[in-house]
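Q: need a structure here:
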Amino acid sequence: MKYFDDFAIGDKIVTRARTVTEADVVNFASLTGDFHPLHVDAEYAKSTRFGERIAHGMLVLSVATGLWSPEHLLQWAFIAFYGMERVRFTAPVKLGDTLHVDFEVVEKQDKGNAAGVVNLRQSVMNQRGETVATCLVKLMIGKK
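A: Prediction:
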């Protein structure tokens, strides 16, 4: 088990990868009600700067969140998702792109005897090594 005190500034973590599929986009649109044609209408998407359908930005963040677990969160003294800041979508995610997350510990905040918050710079990367989204993830982690 990895505890708050075990994290060090500069630690790097790489998750497994996952491919974004058409089913993901369709299911996400159905779940959220976000049927913007850029995501669900192939003919419309051809006329955009992207030239094809792309994944919803929030789907990309959701996929990234799923990549944290189980290899990481279940191995850490994870208590809660504490927040996310400075989200940026820097490149489109196309159907068939394979994503993974690169984390770097950039700050730690002691929250008392029981826990602290670990701030991780999250970079969502595609199979070409391009950054498609970035943000600062804050996780509450227990102490020994």
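Q: quick one: the residue nearest the centre of the chain from residue 94, how far?
A: By CA atoms, centre = their mean, the chain has its centre lying nearest to residue 64, at 2.7 Å. Distance, residue 64 to residue 94, by CB to CB, to the nearest Å: 16 Å. Just so you know, the C-beta spots here come from the backbone N, C-alpha and C atoms, and that holds for glycine as well.
Q: Report the contact partners of the residue located most distally from the centre of the chain.
A: Within the chain, residue 113 marks the point farthest from the mean C-alpha position, 29.0 Å out by CA atoms, centre = their mean. Each residue near residue 113 by CB atoms under 8 Å, 6 or more residues apart in numbering is listed here: residue 143.
Q: Work out for me the element it sits within.
A: Of the helices and strands defined by DSSP states H and E, none includes residue 113.
Q: likewise residue 116?
A: strand 115-125.
Q: And for residue 100?
A: Per DSSP H and E: strand 98-110 holds residue 100.
Q: on that earlier part again, correct me if wrong: the residue nearest to the centre of the chain contacts residue 133.
A: Yes: Residue 64 is in contact with residue 133 according to CB atoms under 8 Å; the separation is 6.9 Å.
Q: any common contacting residues for these two?
A: Counting by CB under 8 Å, 6+ apart, the common neighbours of residue 64 and residue 133 are 122, 124.
Q: Mind checking what secondary structure residue 44 has?
A: At residue 44 the chain is in helix, as set by DSSP: H, G, I helix; E, B strand; the rest coil.
Q: How far away from the center of its chain is stretch 46-60?
A: From the chain centre to the centre of stretch 46-60 is a distance of 17 Å (CA atoms, centre = their mean, to the nearest Å).
Q: Now do the strands in the chain.
A: Secondary structure of the chain (DSSP state E): strands at 12-14, 18-19, 78-89, 98-110, 115-125, 131-142.
Q: which residues touch the closest residue to residue 85 other than its chain neighbours?
A: Nearest non-adjacent residue to residue 85, counting by CB to CB, 6 or more residues apart in numbering: residue 136, 4.5 Å away. Counting by CB under 8 Å, 6+ apart, residue 136 touches 84, 85, 86, 106, 119, 120, 121, 122.
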